[in-house]
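1. Test case, fold it:
(one chain, ligands or ions: 1)
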Amino acid sequence: RIVIAGSANMDLVGVAPRLPRPGETVLGDEFLMMAGGKGANQAIAAARAGGETVFLGAIGSDAFGVNLNARLNGSGVDMRHVRTTYGASGVAVIMVDRDGENSILVAPGANNAFVRLTPAEEAAIAAGDVLLCQQEIPVDTVVAAARAARAGGTRMILNAAPARALPDELLANIDLLVVNEGEALAVTGGDHIDVPGLLALVPRVVLTLGGRGSRYADREGRDETVPAFSVEVRDTTAAGDAFTGALAVAWGEGRDLVEAVRWANAAGAACVRRLGASDALPTRAQIDEVFQQ
Ligand code: ADP
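-> The predicted model follows:
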C-alpha cells in the first residue's frame, strides 16, 4: 500500500494561438480542466500503476474540491482521509500556446491548510508500505509525515520537487530521495551533480535524467545508470510524476530498487508518448508494454 501526502490542484488549462502579454486579451482555442498538483498526479500515477493508493491532503469546500475528489476516486485513489477545508481548493491557471509553451499561476488554497497531521492520518501512514511526499505542501507537514513513517516502520520516499531547503529532521527520516538534475543541484548546492554529496544526506538516491533515463545510488556502494526506453516523444509534462508514482509502487511490491527504477523508466516513457498531464499517466498495462519492448 502506497500513502501519498501532498498537494491537489484543479488545473484550468486554456489553449491559445499565442500567450497574452501583460494587459492583453487573446481569444483562445479551447479550455480543459483536470486534476493536478504533484501529490494528486503521483497518487493517480501510483493507482494506475497498480498500487493500492491512499491520498492524504486538503481540498477546498468549493466545486473544484468536489470535482477533484471525484476525479481521484475515479482513478482508484482512496480519498477517505482527505480533508475538506473551508474556502478555495488549490488551482493552477495554465495558459498554453500552440507550440506547447506555457505560463502557469498556482493559487495553493487548501494545500496551505494541510498542517498538523491528525491521529487518523498518522495511522494511515503507519499502515502503508511506502510513504511518498513532494514539496507543494507546508514543510512542517512533510517533516511530520516522515516522522510518522519512521515511527510506523513505513519506508519514506521524498520527491524533492519543487526544490527547497530540507530540514535536518526530514533528512534523517528519508529512505529514498528522488530528484531530477535541477533539484539535485539545489539540494547539495554547487554547480555539478554531486551524488556522494546526496548520499551523505540520505541512504538512497534516484536521479532522473529525462531522455537519458535515471541513476540509482546507495550507501552500500551500488551506483547504476538505467537508460531510458526509446519512445516517440509528444509531451514531457508529468513524466517525473509518472516515474515517481510507479517507483513507489514497485518498491512497495518489494522489487529490487534497480529493477524498480527500470520499470519506473518505462512509466516515464509511457507518459511522454501521450499529450497531457494527469490524463497522460499510464496504466500498469501501458507501463508493461513499454517495459517489455
Ligand atoms: P522531471 O519531469 O521531474 O524533470 P525527467 O524529465 O527526468 O523528470 O523525467 C522523468 C523520467 O521520465 C526519466 O527518468 C525517464 O525515465 C522518463 N523520461 C523523460 N523524458 C523521456 C524521454 N524523452 N524518453 C524516454 N523517457 C523519458
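2. where does the residue nearest to Gln293 when sequence neighbours are not counted sit relative to Val143, distance-wise?
-> Nearest non-adjacent residue to Gln293, counting by C-beta to C-beta, 6 or more residues apart in numbering: Phe229, 6.6 Å away. C-beta coordinates here come from the backbone N, C-alpha and C atoms, glycine included. When distance is defined by C-beta to C-beta, to the nearest Å, Phe229 is 35 Å away from Val143.
3. Same question for Val13.
-> Separation of Val13 from Val143 (C-beta to C-beta) stands at 32 Å.
4. cool, Met33 as well?
-> Separation of Met33 from Val143 (C-beta to C-beta): 33 Å.
5. What of Gly60?
-> Taken as C-beta to C-beta, the span from Gly60 to Val143 is 24 Å.
6. who's more crowded, these two?
-> Using other C-beta atoms under 10 Å, the more surrounded residue of Gly60 and Val143 is Gly60, with 24 against 20.
7. What is the burial count for Asn67?
-> 16.
8. Just the residues contacting the helix or strand hosting it, thanks.
-> Remark: Asn67 resides in helix 63-74, with elements defined by DSSP states H and E. Helix 63-74 has contacts (C-beta atoms under 8 Å, 6 or more residues apart in numbering) with 8-10, 33-35, 40, 43-44, 55, 59, 79, 82, 84, 88-89, 91, 110.
9. Let's see which of these end up in strands.
-> Members of the contacts of helix 63-74 lying in strands (criterion: DSSP state E): 9-10, 33-35, 55, 59, 84, 91.
10. Not counting residues beside it along the chain, what's closest to Glu136?
-> With C-beta to C-beta, 6+ apart as the criterion, Glu136 has its nearest non-adjacent residue at 3.6 Å, and that residue is Ser7.
11. neighbours of the one you found, just the number please.
-> Residues contacting Ser7 under the criterion other C-beta under 10 Å number 29.
12. Just the buried ones among the contacts of helix 63-74, please.
-> By neighbour count, with 16 or more other C-beta atoms under 10 Å, the contacts of helix 63-74 hold 8-10, 34-35, 40, 43-44, 55, 59, 79, 82, 88-89, 91, 110 as buried.
13. Identify the farthest-apart pair in those residues.
-> Pairwise distances across the buried ones among the contacts of helix 63-74 peak at 21.4 Å for Ile44 and Ala88 (criterion: C-beta to C-beta).
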